[in-house]
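> fold the following.
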Amino acid sequence: MSSADSEAFGVYVHWPFCLSKCPYCDFNSHVRHAAIDQDRFARAFAREIATTAVRTGPRTVTSIFLGGGTPSLMQPQTVGAILDAIGKHWRVAADVEVSLEANPTSVEATRFAGYRAAGVNRVSLGVQAMDDASLKMLGRLHTAEEAMKAVAIARGAFDRYSFDLIYARPDQTPAMWTEELNRAIGEAAEHLSLYQLTIEEGTPFFGLHAAGKLKTPDEGLARTLYDVTQEVCARHGLPAYEISNHARPGAECRHNLVYWRGQEYAGIGPGAHGRLDIDGLRHATATDKRPEAWLMRVESNGHGVMTDDLLNSEERADEFLLMGLRLREGIDPQRYAAISGRTLDPRRIALLREEGAIAVEPDGRLRVTQDGFPVLDAVVADLAA
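Below is the predicted model of the structure:
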């Protein structure tokens with residue numbers, strides 16, 4: 001990791017609104033049938049940025065990520081106002097990565113030129129599937145054709161773009177997924193996020209799954225689909241750099257690397273989380289999830305922070321392990337020791353190596369192997385014990 005990496009500082013901005021709620025989604029997203037007062041929200045974002053910058057002191061922002069919700073429901077001038085506020089209160093690196101999540105409905109694709117002009121230089125498209133039957137099952141509002149049109153527009157407007165697909169869907173076979181993945185790679189220049197469908201508590205899919213009305217692949221098939229994902233992407237020059245993210249070398253999402261490498265980021269907007277180092281202490285912050293409540297808090301207090309916890313060395317170390325081992329590059333055990341005040345147990349490392357779950361690189365870095373990734377949680381729990 002270069003010194004530039006260790007000084008990375010990200011800003012995450014959460015736009016909480018969606019046109020509809022997807023049945024698998026447990027993110028902080030809200031549907032509003034009345035028009036959103038974007039000017040008022042833009043002012044609140046700017047105010048929370050100003051308050052947060054006072055807390056952090058001088059920082060150089062290396063990445064900005066506008067997530068959601070559906071950030072592509074923002075007007076380009078709203079995005080512009082947010083980016084201007086970040087630039088006003090922090091120094092921004094000349095090569096800053098500015099990502100925006102977008103839905104591939106045709107209406108939003110027309111805004112891409114406006115986002116580019118506002119300063120966005122990378123988009124991430126929520127394609128999710130490349131056939132209409134699967135999109136309908138996933139509750140998406142776009143068709144496969146609309147998705148590919150949006151990808152083409154993104155390709156014309158941005159040097160960097162990515163899209164998401166969900167696999168391990170009901171009735172999906174390895175052959176079907178291989179074919180879909182090959183098509184996706186043909187459309188995705190440099191980056192793909194590929195997630196296994198997980199059934200999250202509190203979502204409509206959870207109830208359907210519990211009632212036996214939604215059948216997902218069993219463990220063996222899910223593992224085969226995961227292996228297909230790794231093999232096809234690697235063959236096409238997009239190896240996994242993180243458990244669910246694939247990129248051509250050098251095209252990794254720099255903002256996501258901030259999270260996985262345990263670096264600092266500010267969380268702005270309703271339900272945004274942050275990790276800030278202030279006076280040598282790591283703060284874990286989270287803002288009010290409810291958009292209108294967050295808005296009123298910011299207008300009266302300058303911020304919407306609801307929790308601001310100091311992480312002790314053990315919590316920091318656990319988080320470092322949990323996030324860092326998701327990366328193909330793994331972790332530096334010396335950094336773990338510096339954070340936690342203790343070294344990782346060499347006997348546990350030896351045992352996990354014997355089982356083929358982890359590898360130790362010549363420079364001492366510890367990384368999870370391809371066989372270890374499907375049981376990552378167990379590997380992390382074992383090392384942290």
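> from here on, just use CA atoms for contacts and neighbour counts.
Fine.
> please name every helix or strand in contact with the helix or strand where D318 lies.
For D318, the host element (DSSP states H and E) is helix 313-324. For helix 313-324, the elements it packs on are helix 254-260, helix 333-340, helix 376-384, judged by 3 or more CA pairs under 8 Å, 6 or more residues apart in numbering; DSSP states H and E.
> now with 6 Å, please.
Packing partners of helix 313-324 (3 or more CA pairs under 6 Å, 6 or more residues apart in numbering; DSSP states H and E): helix 333-340.
> now do the helix it packs on against helix 313-324, angle only.
Note on geometry: by axes from the mean of the first three to the mean of the last three CA atoms, to 10 degrees, helix 333-340 and helix 313-324 are set 150 degrees apart in direction.
> and the helix or strand that helix 333-340 is followed by, C-alpha only, in CSV?
Scanning forward in sequence from helix 333-340 by DSSP H and E, the next helix or strand is helix 346-354. Provided in CSV are the C-alpha atoms of helix 346-354 (Å, rounded to 0.1, in the frame of the first residue of the first chain):
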residue,chain,number,x,y,z
PRO,A,346,0.4,-18.2,14.4
ARG,A,347,-1.3,-21.6,15.2
ARG,A,348,-4.6,-20.5,13.8
ILE,A,349,-2.9,-19.1,10.7
ALA,A,350,-1.0,-22.4,10.3
LEU,A,351,-4.3,-24.4,10.6
LEU,A,352,-6.2,-22.2,8.1
ARG,A,353,-3.2,-22.5,5.7
GLU,A,354,-3.3,-26.2,6.1
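> buried residues in helix 346-354?
I349, L352, R353 (16 or more other CA atoms under 10 Å).
> now the element after it, going C-ward?
According to DSSP H and E, the helix or strand after helix 346-354 is strand 358-360.
> residues contacting that next one, please?
L352, R353, L366, R367, V368, T369 (CA atoms under 6 Å, 6 or more residues apart in numbering).
> give me the angle between the helix holding D318 and helix 376-384.
Going by the same axes, to 10 degrees, helix 313-324 makes 140 degrees with helix 376-384.
> mind listing what's buried along helix 313-324?
So, applying 16+ other CA under 10 Å, buried residues of helix 313-324: S313, R316, A317, D318, E319, F320, L321, L322, M323, G324.
> which neighbouring elements make contact with the longest helix seen in the chain?
With secondary structure taken from DSSP state H, the chain has its longest helix at helix 38-56. Contact here means 3+ CA pairs under 6 Å, 6+ apart; on that basis helix 38-56 packs against no helix or strand.
> returning to what we had before: quick check: mean pLDDT across the helix holding D318?
Helix 313-324 shows a mean pLDDT of 95.
> report the distance from it to the chain centre.
Its chain's C-alpha centre and that of helix 313-324 lie 18 Å apart, by CA atoms, centre = their mean, to the nearest Å.
> again with stretch 132-144
That offset, for stretch 132-144, works out to 22 Å (CA atoms, centre = their mean).
> where does the chain have low pLDDT?
Across the chain, the ranges flagged by pLDDT under 70 are 1-6, 23-24, 106.
> picking up where we left off before, tell me which residues of the longest helix of the chain come out buried.
Within helix 38-56, the residues that count as buried by 16+ other CA under 10 Å are F41, A42, R43, A44, F45, A46, R47, E48, I49, A50, T52, A53.
> among these, which two are most distant?
F41 and A53 (18.2 Å; CA to CA).
> show me what the strand of greatest length in the chain is packed against.
Counting residues, the longest strand found in the chain (DSSP state E) is strand 91-102. Packing partners of strand 91-102 (3+ CA pairs under 6 Å, 6+ apart): strand 60-68, strand 122-128.
> list the contacts of the helix or strand just after the shortest one.
Following the chain from strand 122-128 toward its C-terminal end, the next helix or strand by DSSP H and E is helix 132-137. The contact list for helix 132-137 (CA under 6 Å, 6+ apart) reads A129, T143, A144.
> what's the distance between the closest residue to the second one other than its chain neighbours and L138?
With CA to CA, 6 or more residues apart in numbering as the criterion, T143 has its nearest non-adjacent residue at 5.5 Å, and that residue is D132. D132 sits 10 Å away from L138 when distances are taken as CA to CA, to the nearest Å.
> perfect, that will be all.
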